[in-house]
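Visitor: any chance you can model this:
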Amino acid sequence: MNGETSPIFGNLTWYVTPYTDLIEHPSLSTLVGAGAASVLVLGGIATLVLMTYMRWWGPLYRNWLVSADAKKIGIMYIALALVMLARGVIEGFVIRAHQATALGTLAQPESGLVAPDHFAQLFSTHGTIMIFFVAMPLLIGLINFVLPQQLGARDMAFPVLNQVSLGLTAAGAALVMVSLLIGQFGTGGWTMYPPYTGKTFSPGEGVDYWLWAILISGVGSTLTGMNFAVTIFKKRAPGMHFMRMPLFCWTSLCVAIMLIYAMPALTVSSGMLALDRYAGFHFFTNTAGGNMMNYANIFWMFGHPEVYILILPAFGVFSEISSTFASKRLYGYTSLVIASMSIAVISFTVWLHHFFTMGQSAGVNIAFGIATMVIAIPTGVKVYDWMATLWRGRVRITAPIVYLVGFFMLFVIGGLSGIILANPSIDYQVHNTTFLVAHFHNVIIPGVLYGMLAGIHYWFPKAFGFRLDEKWGRRTALLFVAGFIVTFMPLYVLGLMGLPRRSPTFQNPDFMPWMYVAALGAVFMLCALASLFWTFWTSYRHRADLAVPGGDPWDGTSLEWSTPAPVPEWTFPTIPEVSTRDQWGATKRAGKAWQAPAEYVDIEMPPDTAHGVIISGAAVVFGFAMVWNIWWLAIVSLLVIPAALILRGMRRIEPRIIPAAEVEAADTRFRETVASLTPATRADESTARNRGVPDVAEFAA
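Guide: Numbers count the residues shown, from 1 in each chain. Predicted coordinates for the structure are as follows:
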């Protein structure tokens, strides 16, 4: 920026790209920045060319972007998360590569792959992306896809609101991606603590990119929580009372409640910081009547429940896969329900342990330390229940089970390190070191990423009609497990040796062996990422051999396994009646599986709408305009959103009717297909003989 503000372009000039930085200040750091921007540009151009050449724009718009089908919305959430995961993992690799070359000397104290300011941007974008635009879209996408099917519902309670929520999340992600090419991102970490992130110390556009990405996507997440809650309360199939819901539905309910109560705290703290920066408020300026600690309090009122918002859906996934692949009923169902709800409640009482070092009284620290230890109890109950479910079961070692075993080993270590940090006196010593970085990743990667990847592998056939390649799925899981161990276990040691977190350089050569090991682990994580995408690609290439038109490839027991694969838009030809917890398993044991309903009726489905696309586009433009102070564009784009809402409210929206004859014809074809397929035993589950129809006789035994 040149310091001048244009009435047309605000602070935006031609001199805010990484290429300008490379020309004016050539160095390895600016070369890395320009290279990253080039990957974004070339990737965008390649996507545009491919989409145009293959004539995919029309099908993308008609079949996906304007669809209000929760299943398609869930898939789009997951696709967004996987794109952002690629950037997040690559940035994590650059962070580790930088620190492996960051040993300074007295003569040259600064060293490493990138400059200190660039390094600060890297860990800020990495944390922001992985929390808000990888983990959150993964869990929301999986819940969108699975929850209505497990409840026996056709869709979410508010289908259009669901589409809008996706659009707002995508808008936030787009702003983070744009910051790679235009301007710079903030350097205050994923929490963006003031006063450093106030206008005085961070006058550029970086913090504003974070603020508007978080504010816009946060509104979408809040609306999503409301949608999930109403769906669970109002859309359950007849006979499905709460204690007949699958565990994944219970953890989804916990997440919904936590989103409703936690996300507003993030919106408030971010909004107050935005007012400080844009309107000269002083909420967090100690010398002007504010208090910077208010930001920490409000942010972590969201931040710690957020940890369990991320983890609870993974706990639901582990409950499903441990039961299915052990061929046993889930052990301790009631205790798991109580533990899930206990975690949801207690998670709102421990936020202050995130700033034990910031000067509150010993009594306050003790109270929050005890609460932090207490929350480990229901989590431990869950681990024991899953182990008891596997005990003496006929366990099939599939990719989801590999993720579950990796979770058992690593998450318990992360939990124990959390118990250590619950002691304020210990936390005071290691809080600002890489010990805390290791602990946090030790919880999030095994507890969230493994769970989400296991869930994707588990429910993938329901989305696309074919299984993921089991051999490559297991390789990917093993690489993620090995990569985590080699990358983050050395950080515990480095933290105890005194290495500060977020440090761009250091002068202690004793750190270097551990840094090299961590960098090697980052290479493993890159290989795991490549293996994940190769798994998708090779599975698509061999989709004919992996096809499961019968829809039940894992011999499941909940309602989603009773439908075809891929699932039709109406999901169920008739809404099922539920009389037991494992309804589909009970139906198979009774010999009544795949029976046609007595009567077919017309089905009402929500019509397609471009509402979410319009609001998403307006939100991206508004956020970008606010970042660069293009006030006229901000006003116009902001007015588009209420205008779209008003115009929709003035229209008469008729549901789309699927005739009973069409439903009957599709359902009849499905049942004829099932009858023509040879049932597969558990031994055949990973082979081409598995066509989605399990051997019911073996199941009943």
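
Visitor: list the contacts of P566.
Guide: Residues counted as contacts of P566 (Cβ atoms under 8 Å, 6 or more residues apart in numbering) are 462-465. From N, CA and C alone the C-beta is placed, and that goes for glycine too.

Visitor: from those, which land in helices?
Guide: Within the contacts of P566, residues falling in helices by DSSP state H are 462-464.

Visitor: quick one, helices of the stretch 251-400 of the chain?
Guide: Here the stretch 251-400 of the chain has its helices, by DSSP state H, counting those that start in this stretch, at 292-326, 333-346, 362-374, 376-390, 399-421.

Visitor: repeat that for the stretch 601-701 of the chain.
Guide: Under DSSP H, counting those that start in this stretch, the stretch 601-701 of the chain gives helices at 611-627, 631-650, 660-676, 696-700.

Visitor: tell me the most buried of those?
Guide: By mean neighbour count, with neighbours taken as mean count of other Cβ atoms under 10 Å, helix 611-627 ranks first of the helices of the stretch 601-701 of the chain at a mean of 23.

Visitor: that older thread, save the contacts of P566 as CSV, and put in distance to L647 too.
Guide: Output for those, formatted as CSV (distance: Cβ to Cβ, whole Å):
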residue, distance to L647
K462, 36
A463, 33
F464, 35
G465, 37
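
Visitor: pop out the phi and psi values for the residue lying farthest from the centre of the chain.
Guide: Relative to the mean C-alpha coordinate of the chain, counting by Cα atoms, centre = their mean, the farthest residue is A107 (44.0 Å). A107 adopts backbone torsions of phi -80, psi -30, taken as degrees, to the nearest 10.

Visitor: picking up where we left off before, please identify the deepest-packed of the helices of the stretch 251-400 of the chain.
Guide: Across the helices of the stretch 251-400 of the chain, averaging neighbours per residue (mean count of other Cβ under 10 Å) puts helix 292-326 on top, at a mean of 24.

Visitor: low-confidence bits of the stretch 201-350 of the chain, can you list those?
Guide: Judged by pLDDT under 70, the stretch 201-350 of the chain has no weakly predicted residues.

Visitor: same thing with the chain?
Guide: For the chain (pLDDT under 70), the answer is 1-4, 698-701.

Visitor: is it true that L85 touches A530?
Guide: No - in this structure, L85 is not within contact of A530 by Cβ atoms under 8 Å, at 11.9 Å.

Visitor: those two: which has the busier surroundings?
Guide: When neighbours are counted by other Cβ atoms under 10 Å, L85 and A530 differ, and L85 comes out ahead with 24 against 14.

Visitor: out of everything not next to it in sequence, what's closest to the residue positioned nearest the centre of the chain?
Guide: By Cα atoms, centre = their mean, the chain has its centre lying nearest to A135, at 2.1 Å. Leaving out its chain neighbours, the residue that sits closest to A135 by Cβ to Cβ, 6 or more residues apart in numbering is L310, at 4.8 Å.

Visitor: let's have the helices of the stretch 601-701 of the chain in CSV, adding distance to L479.
Guide: Listed next are the helices of the stretch 601-701 of the chain as CSV, based on distance: least, Cβ to Cβ, whole Å:
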stretch, distance to L479
helix 611-627, 34
helix 631-650, 43
helix 660-676, 36
helix 696-700, 33
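
Visitor: of all the ones you listed, which one is nearest G303?
Guide: The closest of those to G303 is helix 611-627. By Cβ to Cβ, the value is 21.9 Å.

Visitor: gap between the closest one and the chain center?
Guide: Relative to its parent chain, helix 611-627 has a centroid offset of 21 Å by Cα atoms, centre = their mean, to the nearest Å.

Visitor: which other helices and strands contact it?
Guide: When contacts are defined as 3 or more Cβ pairs under 8 Å, 6 or more residues apart in numbering; DSSP states H and E, helix 611-627 packs onto helix 159-178, helix 206-234, helix 631-650.

Visitor: in TSV: those helices, plus distance to D695.
Guide: Shown next, in TSV, are the helices and strands packed on helix 611-627 (distance: least, Cβ to Cβ, whole Å):
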stretch	distance to D695
helix 159-178	37
helix 206-234	33
helix 631-650	50
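
Visitor: of all those helices, which one is nearest L48?
Guide: Proximity to L48 (Cβ to Cβ) singles out helix 159-178 among those, at 14.9 Å.

Visitor: so that closest one versus helix 206-234, what angle?
Guide: Angle between the axes of helix 159-178 and helix 206-234 is 160 degrees (criterion: axes from the mean of the first three to the mean of the last three Cα atoms, to 10 degrees).

Visitor: relative to helix 631-650, how tilted is helix 159-178?
Guide: 160 degrees.

Visitor: output the contacting helices and strands for helix 159-178.
Guide: Using 3+ Cβ pairs under 8 Å, 6+ apart, helix 159-178 sits against helix 70-99, helix 136-151, helix 206-234, helix 611-627.
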